[in-house]
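Peer 1: here is my input, please return the structure:
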Amino acid sequence: MNNILTNGVAVALCLVGFTFNGCDSNTDQGKSFDEAAPEDVTMVEDDHGHDHPSEGPHHGSLIELGKEAYHAELVHDEKSGSVTIYILDSGATKNVPVKAESVLINAKHDGKGQQFTLTAAREANDPEGQSSRFSTQDKALGELLEEHDTDARLVLEIEGKSYSGKIPAHDHDHKHAH
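Peer 2: From the prediction side, this is the model:
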């Protein structure tokens with residue numbers, strides 16, 4: 001009887017902790033497919049009171065998706081002109097493979113809109129038919145993202161739900177892959 005009572009209390013405490021932490025089983029998708037988060041990541045508190053890295057695990061700019069259900073990371077290699085998007089978990093630390101052949105970036109500059117397609121470029125740990133990485137070699141996109149008055153949004157679908165996230169303005173002091 002004592003074990004039943006002890007186990008019942010332990011289960012109740014776990015459920016209470018689960019509820020108050022705001023856990024959502026959908027945000028755990030894909031966590032087993034990526035390496036551990038880097039140990040040297042600097043965490044910053046955003047305006048929602050949550051701690052997040054100041055940059056993504058690939059040293060790129062973070063894009064919030066779905067009220068932090070997911071994040072994306074934009075990495076621009078200025079030398080090659082490539083632009084890569086990584087789909088990340090809610091904590092912005094681990095890759096999340098999704099069933100998509102491409103993602104879109106809609107950019108607006110000088111009153112003109114342009115759309116760019118980034119195609120799936122699977123990581124080694126991504127399961128067949130899914131990708132956590134999308135890229136393009138279109139130098140025009142990289143150039144647009146460098147412009148201060150460019151308004152750009154990432155558009156994609158994850159598990160049947162559409163997501164759109166504002167791509168932050170380019171920071172010329174930010175480190176880029178070379």
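
Peer 1: identify each buried residue in the helix or strand where Glu143 lies, please.
Peer 2: With secondary structure defined by DSSP states H and E, Glu143 is part of helix 139-146. For helix 139-146, the neighbour count (16 or more other Cβ atoms under 10 Å) marks Leu141, Gly142, Leu144, Leu145 as buried. The C-beta positions use only the backbone N, C-alpha and C, and glycine is treated the same way.

Peer 1: give the contact list for the last one.
Peer 2: Neighbouring residues of Leu145 by Cβ atoms under 8 Å, 6 or more residues apart in numbering: Leu74, His76, Val83, Ala107, Ala152, Ile167, His170.

Peer 1: let's see 7 Å
Peer 2: Going by Cβ atoms under 7 Å, 6 or more residues apart in numbering, Leu145 touches His76, Val83, Ala152, Ile167, His170.

Peer 1: nearest to Ser131 among those residues?
Peer 2: Val83 (15.1 Å; Cβ to Cβ).

Peer 1: do you know how far the closest one is from Gly160?
Peer 2: 26 Å (Cβ to Cβ, to the nearest Å).

Peer 1: those two: which is more packed in?
Peer 2: A count of neighbours by other Cβ atoms under 10 Å puts Val83 above the other of Val83 and Gly160, at 25 against 6.

Peer 1: can you pull up the bridge partners for that one?
Peer 2: His76, Thr136 (DSSP bridges).

Peer 1: my read: it touches Thr136, true?
Peer 2: Yes - with contact defined as Cβ atoms under 7 Å, Val83 counts as touching Thr136 (5.4 Å).
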